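J.: Okay, predicted coordinates and the sequence, questions at the end:
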Amino acid sequence: MRRNLFPVFALLLGTLFLFFGNGLHSLLLPLRGTAEGYTTTELGLLGTSWSAGFVGGCFLAPLVVRRIGHVRAFSGFLALTAIIALLTGILVDATWWIALRAATGFASAGTSMIIESWLNERADNKSRGVIFSTYIMITLAGTVGGQMMVASGDVHSTVLFMIVGILYCVAMLPTTLSTAASPKPLKTVKLDVRALYKNSPIAFFGMILIGIANGAFGTLGAVFGAKANLSSGDIALMMSLAIFAGAIIQIPTGKISDRVDRRMVLAGLSIVAAFAGWIIALFHPSNAIFLLTVTSLYGAAANALYPIAAAHANDHASPENYVKVSGGLLLLYGLGTIIGPTLGGPIMAAFGPYALFIITAVAHVAITIYAVFRSRMRAAIPVGSREAYQPLGHLTVKTPESFNLSPRARNSDDAQGADPERGATDGEERAA
């Protein structure tokens with residue numbers, strides 16, 4: 001294992017500090033904004049702006065990398081992110097924050113695409129699984145660790161903003177000082193909406209709805225916690241437990257989905273997430289332990305939906321289209337994360353903080369209904385013909401480039417090289 005990770009150690013170390021910064025900054029902004037009296041609509045637009053910038057970055061960042069190279073582009077994106085983090089501590093203004101978050105989202109897409117392409121370039125068939133799993137664990141640990149840093153400082157001061165800037169600068173050093181060769185140029189992202197829908201209607205609409213729910217909770221969960229009178233430490237713990245629970249449950253739910261219709265697993269998880277959301281929305285609990293328990297249940301179910309939907313879509317796709325389908329679904333998810341906070345802010349402003357979970361519950365009920373409906377419209381893929389489920393980790397920052405790193409992508413390349421025409425035929429038969 002050490003031999004597999006040694007060539008990418010510097011890059012993974014930088015990735016850890018990058019996600020420390022991402023986790024801290026993403027939670028710090030809504031907490032400070034709530035303390036400053038920003039409206040929930042303004043706080044929701046912080047998430048909308050970031051997601052819009054991130055989706056745009058997935059399309060445009062490869063052009064920047066091709067023009068100036070990986071090392072300079074990576075350093076530039078990280079420098080921009082660090083500058084913005086420091087500016088948000090100086091310019092405490094909702095309008096400035098919304099504008100700056102779009103630039104942060106764009107830069108985050110660029111840094112993540114470069115990291116993922118670099119890891120993919122350094123991985124071979126033997127090390128790909130280890131590198132991919134380690135990358136997932138690092139993004140999870142970094143995000144959760146960064147969020148928990150909020151409890152160690154005062155959100156009213158500029159200190160935490162300065163720490164974010166420092167973390168981003170530290171993230172730049174390992175790669176900048178490394179002598180490893182740069183990877184090949186990034187590929188331009190393409191989104192074929194019609195083909196994605198034809199391949200799997202439930203994955204198509206499910207990804208948008210999952211993005212709406214996750215985007216609303218991810219952006220406004222901290223705002224909800226603050227207005228429910230939770231301490232900064234409890235809010236950080238709530239958001240971290242939701243992520244961690246979602247990561248843990250991916251393996252058992254994935255194994256179940258390998259044996260039964262994945263659409264039924266989607267429906268079951270969505271019912272659990274909707275139930276947890278309705279409990280909070282209807283009963284307005286204020287006890288911290290109870291809230292942490294229910295939001296952990298919510299996070300476990302809600303954060304496990306994406307990889308199940310992606311696995312179902314890839315069951316119906318030809319092997320060589322794995323990266324294209326997975327990347328397209330991720331962009332649909334990104335569209336949902338733009339919609340979720342945009343809806344969540346005004347609804348919370350009108351009906352109170354607990355209304356956040358009305359949005360998530362409605363989205364999850366819609367997934368359940370449509371998943372059951374689709375299960376009656378098309379038979380499930382036989383167990384022996386399915387792609388083996390693979391956990392995808394947390395989706396805080398993941399780009400279409402990450403799917404090139406997956407071991408499944410290498411298998412897809414092998415299938416395409418062996419008999420590409422046969423793969424296309426199989427895909428067409430599965431989607432019929």
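T.: Received it, and whenever you're ready, just let me know what you need.
J.: what's the first-to-last distance across stretch 251-268?
T.: 15 Å (Cα to Cα, to the nearest Å).
J.: Let's verify residue 126: helix, strand, or coil?
T.: Under the three-state scheme (DSSP: H, G, I helix; E, B strand; the rest coil), residue 126 adopts coil.
J.: That one - how many residues pack around it?
T.: 9 (other Cβ atoms under 10 Å). Backbone N, C-alpha and C define where each C-beta goes, glycine included.
J.: go on, residue 168?
T.: Applying other Cβ under 10 Å, I find that residue 168 has 27 neighbouring residues.
J.: where does it sit relative to residue 110, distance-wise?
T.: Separation of residue 168 from residue 110 (Cβ to Cβ, to the nearest Å): 13 Å.
J.: same question, residue 373
T.: Taken as Cβ to Cβ, the span from residue 373 to residue 110 is 39 Å.
J.: Residue 13 too?
T.: 19 Å.
J.: try residue 307
T.: With Cβ to Cβ as the criterion, residue 307 and residue 110 are 24 Å apart.
J.: So which of the two has more stuff around it?
T.: Each of residue 307 and residue 110 has its neighbours counted (other Cβ under 10 Å); residue 110 has more, 27 against 20.
J.: next helix or strand past the helix or strand encompassing that one?
T.: Assessed by DSSP states H and E, residue 110 sits inside helix 94-122. Next helix or strand after helix 94-122 toward the C-terminus (DSSP H and E): helix 128-148.
J.: tell me the angle that following helix makes with helix 94-122.
T.: 160 degrees (axes from the mean of the first three to the mean of the last three Cα atoms, to 10 degrees).
J.: so where is the stretch 201-350 of the chain shaky, pLDDT-wise?
T.: Along the stretch 201-350 of the chain, the model assigns pLDDT under 70 to residues 319-320.
J.: mind listing the helices for it?
T.: 201-227, 232-257, 262-283, 288-302, 305-315, 322-351 (DSSP state H, counting those that start in this stretch).
J.: chain center to the helix or strand just after the last one: distance?
T.: Heading C-terminal from helix 322-351, the first helix or strand you meet, by DSSP H and E, is helix 356-377. Centre-to-centre, helix 356-377 and its host chain are 20 Å apart (Cα atoms, centre = their mean, to the nearest Å).
J.: can you check stretch 83-97 too?
T.: That offset, for stretch 83-97, works out to 24 Å (Cα atoms, centre = their mean).
J.: between the host helix or strand of residue 51 and helix 322-351, how many degrees?
T.: Using DSSP H and E, residue 51 maps to helix 40-68. On the basis of the same axes, to 10 degrees, helix 40-68 is oriented at 150 degrees to helix 322-351.
J.: Kindly calculate the angle that helix 40-68 makes with helix 356-377.
T.: 60 degrees.
J.: same for helix 40-68, what does it pack against?
T.: Other helices and strands packing on helix 40-68, by 3 or more Cβ pairs under 8 Å, 6 or more residues apart in numbering; DSSP states H and E, are helix 9-35, helix 70-90, helix 94-122, helix 201-227, helix 322-351.
J.: can you list the ones you listed in JSON lines and add distance to residue 131?
T.: As requested, the helices and strands packed on helix 40-68 are exported to JSON lines (distance: least, Cβ to Cβ, whole Å):
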{"stretch": "helix 9-35", "distance to residue 131": "8"}
{"stretch": "helix 70-90", "distance to residue 131": "17"}
{"stretch": "helix 94-122", "distance to residue 131": "6"}
{"stretch": "helix 201-227", "distance to residue 131": "26"}
{"stretch": "helix 322-351", "distance to residue 131": "16"}
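J.: Go ahead and confirm residue 105 touches residue 48.
T.: No - using Cβ atoms under 8 Å, residue 105 makes no contact with residue 48, being 9.8 Å away.
J.: so residue 357 touches residue 283, yeah?
T.: No - using Cβ under 8 Å, residue 357 makes no contact with residue 283, being 10.5 Å away.
J.: higher neighbour count, those two?
T.: More crowded of residue 357 and residue 283, by other Cβ under 10 Å: residue 357, with 28 against 11.
J.: quick one: contacts for the more buried one?
T.: 224, 276, 277, 278, 280, 281, 298 (Cβ atoms under 8 Å, 6 or more residues apart in numbering).
J.: Double-check the first one against residue 353; I have them as touching.
T.: Yes - under the criterion of Cβ under 8 Å, residue 224 is in contact with residue 353, at a separation of 4.6 Å.
J.: quick one: which of the helices and strands packed on helix 40-68 is nearest residue 163?
T.: helix 9-35 (6.8 Å; Cβ to Cβ).
J.: For stretch 76-96, the averaged confidence score.
T.: The pLDDT scores in stretch 76-96 average 95.
J.: distance between that stretch and the chain's centre?
T.: For stretch 76-96 - counting by Cα atoms, centre = their mean - the centre lies 22 Å from the chain centre.
J.: what's in contact with it?
T.: In contact with stretch 76-96 (Cβ under 8 Å, 6+ apart) are residues 18, 21, 25, 29, 32-33, 36, 38-39, 42, 61, 64, 68, 97, 100, 103-104, 107-108, 110-111, 114, 158, 160-162, 164-165, 168-169, 171-172.
J.: Check which helices and strands the helix or strand containing residue 172 sits against.
T.: If you go by DSSP H and E, residue 172 is part of helix 159-177. On a contact count with 3+ Cβ pairs under 8 Å, 6+ apart, helix 159-177 meets helix 9-35, helix 70-90.
J.: Alpha carbons of that helix, as PDB, please.
T.: Extracted in PDB, the C-alpha atoms of helix 159-177 (Å, rounded to 0.1, in the frame of the first residue of the first chain):
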ATOM      1  CA  VAL A 159      -9.300  34.600  13.100                       C
ATOM      2  CA  LEU A 160     -11.100  31.700  11.500                       C
ATOM      3  CA  PHE A 161     -11.200  33.400   8.100                       C
ATOM      4  CA  MET A 162      -7.400  33.800   8.400                       C
ATOM      5  CA  ILE A 163      -7.000  30.200   9.300                       C
ATOM      6  CA  VAL A 164      -9.000  29.200   6.100                       C
ATOM      7  CA  GLY A 165      -6.600  31.300   4.100                       C
ATOM      8  CA  ILE A 166      -3.600  29.700   5.700                       C
ATOM      9  CA  LEU A 167      -5.000  26.200   5.000                       C
ATOM     10  CA  TYR A 168      -5.500  27.000   1.300                       C
ATOM     11  CA  CYS A 169      -1.900  28.300   1.100                       C
ATOM     12  CA  VAL A 170      -0.500  25.200   2.800                       C
ATOM     13  CA  ALA A 171      -2.500  23.100   0.300                       C
ATOM     14  CA  MET A 172      -0.600  24.700  -2.500                       C
ATOM     15  CA  LEU A 173       2.900  23.900  -1.200                       C
ATOM     16  CA  PRO A 174       3.200  20.000  -1.600                       C
ATOM     17  CA  THR A 175       2.200  20.100  -5.300                       C
ATOM     18  CA  THR A 176       4.200  23.300  -6.100                       C
ATOM     19  CA  LEU A 177       7.300  21.900  -4.600                       C
END
